[in-house]
Structure formats: structure tokens, C-alpha cells
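In: sequence first, then the predicted structure:
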Amino acid sequence: MNTENLNTQELETLRTLLNKMAGEPKTVKIDDTEAMINDIIEEFNFDKVQLAMEYLCWKWRGEDVTIDMLKETAIELLRDAAESRLNYFKDSHWELGITCGTGGLQATAHCDEDKTKITGLELKFVLTEWDADLEGLDR
């Protein structure tokens, strides 16, 4: 549209219409789960994880691991854990945390008693882990 051919009244009408279309400036509301994820990404020591991975010559898909890769994977795992806790594992007891992990990173999500809201998220970097139970012991 060429606005040079419009008279003053037409320009004013156009401005009014454009302002109405734009509406009130929208504020983006971040839900609690995303706020927890943002806090974890901001506070987690990804530098220390990367240093340990470099020392151990730990690679992902044959590549050296970068801070950006770690953060991107952490966000995906945290979201997946939250989604799994509230949807796929909704029938499991509410006090059980649901964990998703890959490449040494583990994200765990906890929910409220009604299983409708994520109440806590954890992110860990795990080098090694082992567990045992009585059924697995040879006696």
C-alpha cells in the first residue's frame, strides 16, 4: 500500500485501524514449570559438567560437548520429565518422581497430590550409578 496517495483523514483512519489491530501490548506469562526450568538453566554449573566431560573424553554423537548442547539437552529432559510425570505416568503414586536422562544428564519431575501441577524439578550430571535390592543378591 502506498500511503503517499492518502489524504490526512484517510491516514488518520488507517492509523486508528492499525492501532486497534495491534491491541494492548501482550505480556508473556511464563508458567511455573518454565520458570523452574529457567532457574535451573541459569544456576546449574554447566561449565563444571563440560570440564568433566572433556577430561573423560566424553563425546555425544562423536562430537565434543558444548555448553549450548548441554543446556539444550537439559531443557528437553526437564520438559520431558514434567510432561511424563503429569501425563504418561499419571497413574503412578504422586510422590514418585519421574526421571528422564541421556548422556549423563538426569532430569526428575515431582508433582502435587492431585497430579495436576509440577512442584519440583531436579537436574543432575551422573558419572556412575549402581543400585541393588534383596531379590538381586545371590545368597
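Out: Done, it's in. Since this is a predicted model, take the numbers as computed values, not measurements.

In: let me see the contact set for D114.
Out: W94 (CB atoms under 8 Å, 6 or more residues apart in numbering). Where you see a C-beta, it was placed from the backbone N, CA and C, and this is true even at glycine.

In: what secondary structure does it sit in?
Out: Classification of D114 using DSSP: H, G, I helix; E, B strand; the rest coil returns coil.

In: from Q9, how far out is it?
Out: When distance is defined by CB to CB, to the nearest Å, D114 is 58 Å away from Q9.

In: confidence score at L17?
Out: Looking at L17, its pLDDT reads 70.

In: what is the least confident helix or strand in the protein?
Out: None of the helices or strands of the chain scores lower by mean pLDDT, DSSP states H and E than helix 8-22, at a mean of 71.

In: after that one, next one along is what?
Out: helix 32-43 (DSSP states H and E).

In: tell me which other helices or strands the helix or strand following that next one touches.
Out: Downstream of helix 32-43, the first helix or strand assigned by DSSP H and E is helix 46-55. Helix 46-55 sits against helix 67-83, strand 118-125, with contacts defined as 3 or more CB pairs under 8 Å, 6 or more residues apart in numbering; DSSP states H and E.

In: which residues sit against helix 46-55?
Out: Residues contacting helix 46-55 (CB under 8 Å, 6+ apart): 58-59, 64-67, 70-71, 74, 104-105, 125, 127.

In: ok now that helix, how far from the chain's centre?
Out: Chain-centre distance of helix 46-55: 21 Å, with CA atoms, centre = their mean, to the nearest Å.

In: distance from the chain centre to the next helix or strand after it, please.
Out: The first helix or strand that comes after helix 46-55 along the chain, using DSSP H and E, is strand 59-60. Per CA atoms, centre = their mean, the displacement of strand 59-60 from the mean C-alpha position of its chain is 21 Å.

In: fine, thanks again, bye for now.
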